[in-house]
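>>> Just the structure for this:
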Amino acid sequence: QKRPFTRQDCDDKVLIFKTPQDCYRIGIFEKLFPNAEIKYIHLTRGFAQTVNGLMDGWLSETGFFAHNVDQVGAKLNIPGYTDKINGGDKWWNFDLPSNWQQYIDKPLEEVCLNQWAEAHFAIFRSEVKTLMIKFEDFILNPQSVTDQITNYLGIGKLISKELPMVMVTFTPSNYRWKKRESMITDLSKLDKVQKLMNLLDYNMDPKTWI
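Prediction:
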């Protein structure tokens, strides 16, 4: 039965918010919950896997549509997207970086690369204290990473187990980015990519991009 959220509900509770867009509004939870202890987890993933996954999402017919840019008088002309997806001239997918208008006519891979980069740069610019967790480490050692997170949050031990797939385009598998290997290789040569991969403590050896 539904009921209003009360003060008693949060007196001794741990609330977890998992929203990628929050990287652009760090500080909002301190305002919403001024008496709470706020902790941030910075979840990362290498550029190859992220760009490939974002492109799959942009091209999914089931829709990861997030922003109708037609409402602000903008039109998308993104090669590889606008010409393939119904409504691709107005629907922006996933989060909206502050520089999105500079990418309304860029190729889809550049749009997705910018989404990956700007999210992480926004966190670094904020200088907020975080626990940085690599998704790749979770894949390899789920219980160890889960223990690291629960220790950081100060909550009881959780047993890592197989989780249900939610909002996915394809069954998760290692090295999925290889279906766009040539394009990913070209992106890997960009200074921006190499700089951010270094900041995130990632290796530029493609064998490590699981």
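>>> Could you use CA atoms for every contact and neighbour count after this?
Noted.
>>> what does the model give the residue of the chain most remote from its centre for pLDDT?
In terms of distance from the mean C-alpha position of the chain, residue 1 ranks first, at 32.8 Å (CA atoms, centre = their mean). On pLDDT, residue 1 comes in at 72.
>>> Repeat that for residue 89.
In this model, residue 89 carries a pLDDT of 97.
>>> isn't it right up against residue 82?
Yes. Between residue 89 and residue 82 there is a contact under CA atoms under 8 Å: 5.3 Å.
>>> joint contacts of the two?
Common contacts of residue 89 and residue 82, defined by CA atoms under 8 Å, 6 or more residues apart in numbering, comprise residue 76.
>>> ok, and what's touching whichever strand or helix holds residue 139?
Using DSSP states H and E, residue 139 maps to helix 135-140. Contacts with helix 135-140, where a contact means CA under 8 Å, 6+ apart, come from 43-45, 144-146, 210.
>>> Likewise for stretch 112-123?
20, 23-24, 26, 42, 47, 50-51, 54-55, 95-97, 193, 196.
>>> Repeat that for stretch 31-46.
With CA under 8 Å, 6+ apart as the criterion, stretch 31-46 contacts 29-30, 123, 128-136, 153, 197, 200, 202, 209.
>>> Ranking helices and strands of this protein by mean pLDDT, which lands last?
helix 7-11 (a mean of 76; mean pLDDT, DSSP states H and E).
>>> What would the longest helix anywhere in the chain look like as CSV? C-alpha coordinates only.
As assigned by DSSP state H, the longest helix anywhere in the chain is helix 108-126. The C-alpha trace of helix 108-126 is given here as CSV (Å, rounded to 0.1, in the frame of the first residue of the first chain):
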residue,chain,number,x,y,z
LEU,A,108,27.1,9.2,-33.4
GLU,A,109,30.4,7.8,-32.1
GLU,A,110,31.6,11.3,-31.3
VAL,A,111,28.4,12.1,-29.5
CYS,A,112,28.8,8.9,-27.4
LEU,A,113,32.5,9.6,-26.7
ASN,A,114,31.6,13.0,-25.5
GLN,A,115,28.9,11.6,-23.1
TRP,A,116,31.5,9.3,-21.6
ALA,A,117,34.2,12.0,-21.3
GLU,A,118,32.0,14.9,-20.0
ALA,A,119,30.5,12.8,-17.3
HIS,A,120,33.9,11.9,-15.8
PHE,A,121,35.4,15.4,-16.3
ALA,A,122,32.4,16.9,-14.5
ILE,A,123,33.1,14.7,-11.5
PHE,A,124,36.8,15.6,-11.5
ARG,A,125,36.0,19.3,-11.8
SER,A,126,33.7,19.1,-8.9
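>>> still on that earlier bit, buried sites along the very next helix or strand once past the least confident helix or strand of the chain?
For helix 7-11, the succeeding helix or strand toward the C-terminus, using DSSP H and E, is helix 28-32. For helix 28-32, burial by neighbour count (16 or more other CA atoms under 10 Å) applies to no residue.
>>> Do you have the strands of the chain handy? List them.
40-44, 65-68, 91-93, 130-134 (DSSP state E).
>>> Which other helices and strands does the second one contact?
With contacts defined as 3 or more CA pairs under 8 Å, 6 or more residues apart in numbering; DSSP states H and E, the packing partners of strand 65-68 are strand 91-93.
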